[in-house]
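In: return atomic coordinates for the entry below.
(one chain, ligands or ions: 2)
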Amino acid sequence: MNTQIIKIDEENIDMEMIRKAGEIIRLGGLVAFPTETVYGLGGDALNADSSRKIYAAKGRPSDNPLIVHIANLEALFSIARTIPAVTFKLAERYWPGPLTMIFEKTDKVPSQTTGGLETVAVRMPSDRIARALIEASGGYIAAPSTNRSGRPSPTVAKYVIEDLDGRVDMIIDGGEARLGLESTIVDLTGEKPVILRPGYITKEMLEEILGSVEMDRTAFEENTSQPPKAPGMKYRHYAPRGNLTIVEGELEQVRNFINRELRNSEDQGSRTGVIATDETAGSYRASSIKSVGRRKDEVQIARRLFRILREFDDEGIEVIYSESFEGRGVGQAVMNRLLKAAGHQVIHLEKGSNSE
Ligand code: AMP
Ligand code: MG
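Out: Numbering: from 1, shown residues only. Ligands and ions are numbered 1, 2, ... in the order given. Reported below is the predicted structural model:
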């Protein structure tokens, strides 16, 4: 398949291009496009064939449901069968934005889009290119992250092209994703709201509106006997090609430990990488040292994490160590992704233990 690659400026949107892209989706084709979270691989959410094509292009297991993207609240009424009252409060505050809500679906949504589930995940993105495209394509775009299944989600078009060139009809390059982390997913179909995937909209932010909110345990634990409620969270995910290990403990100890391990790996001929912070980056010795930003700035860390993982792949890094980050607020989403990227490989250094 010949993939058309175009650039669109969010500040000055070329509506003729958007019309063309919308036409592709209406006719059952696929268009990769930017959103404020990560890039999405879009097809007509109400067309079973389009959803099948999305799974095929992404190499995604077809029991892993897609999020339906809408551009206005009215669109929700034809795809959600029951809409709890809190939806409108959440929508007023966080839509358009990085929040996905789960509802019971209507028959308009084919089961191919929802991975066979009777529920549908819905989000209204804030990115202007995304919104214009949704409107131009009929109002409902099913769009998972554009990464080939298992790899870190693309936050810049370069990685979208790497994963999808020749597999979709069009790729829209709209620059770097503002947030860089997938949406928070909250399930509103049960007795209590449950966060299935943490994100930029934090548990605390949701609790301001919903009262108490639960976090699906499988977001942070490995091998819990219960399967994750978001089917996608059970798959190996976000992983770089190199072997990634997270090291937890007092910063000084962590630094010493990582440096020693890096030395060993380099001695064995491996190319090494470190995920550090502005405060610590200067104190490591590795083939590639990358700072996610200031330690306290979780929003910045969230924005950079996926890109850094992909850059290590570009550089052929084989062994990667990462510092651990504060698991509060947006940091909770950062640690959720980092743990999955590392396949839950974590080394915990006891306080005061001799790590040198
Ligand atoms: P992505 O498409 O890459 O952003 O991932 C979407 C995530 O949403 C996956 O983890 C899916 O399993 C989850 N998801 C989508 N629809 C549903 C649904 N109806 N119920 C539970 N999880 C869902
Ligand atoms: Mg994804």
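
In: CA only for contacts and neighbour counts going forward, please
Out: Noted.

In: give me every residue in the stretch 101-250 of the chain lying close to ligand 1.
Out: Residues of the stretch 101-250 of the chain found near ligand 1 (Cα under 6 Å from any ligand atom) are 102, 114, 119-121, 144-145, 182, 229-233.

In: show me where this protein has its helices.
Out: In the chain, the helices defined using DSSP state H lie at 15-26, 48-58, 74-79, 86-94, 128-136, 157-164, 203-210, 251-267, 298-314, 330-341.

In: pick the most buried one from those helices.
Out: The highest average neighbour count among those, using mean count of other Cα atoms under 10 Å, belongs to helix 330-341 at a mean of 24.

In: before we move on, the earlier item: looking at the residues of the stretch 101-250 of the chain next to ligand 1, which one is closest to Leu339?
Out: Nearest to Leu339 among those, counting by Cα to Cα, is Met233 at 11.8 Å.

In: burial count for the residue nearest to Gln4 when sequence neighbours are not counted?
Out: Leaving out its chain neighbours, the residue that sits closest to Gln4 by Cα to Cα, 6 or more residues apart in numbering is Met170, at 4.6 Å. By other Cα atoms under 10 Å, 26 other residues sit near Met170.

In: residues in contact with Met170?
Out: Each residue near Met170 by Cα atoms under 8 Å, 6 or more residues apart in numbering is listed here: 3-6, 21, 30-32.

In: so what's it bridging to?
Out: Gln4, Val31 (DSSP bridges).

In: quick check, pLDDT for it.
Out: pLDDT for Met170: 98.

In: for Arg285, which residues are in contact?
Out: Per Cα under 8 Å, 6+ apart, neighbours of Arg285: 259, 262-263.

In: was I right to think Phe325 contacts Gly331?
Out: Yes. Between Phe325 and Gly331 there is a contact under Cα atoms under 8 Å: 6.7 Å.

In: picking up where we left off before, nearest to ligand 1 among the contacts of Arg285?
Out: Comparing the contacts of Arg285 against ligand 1 with Cα to the nearest ligand atom places Leu262 closest, at 32.2 Å.

In: quick check: the closest one touching Arg271?
Out: No. Using Cα under 8 Å as the test, Leu262 is too far from Arg271 to be in contact (9.0 Å).

In: quick check: neighbours shared by these two?
Out: Ala286.

In: who touches Gly199 in this structure?
Out: Contacts for Gly199 (Cα under 8 Å, 6+ apart) come out as 98, 181-185, 330, 332-334.
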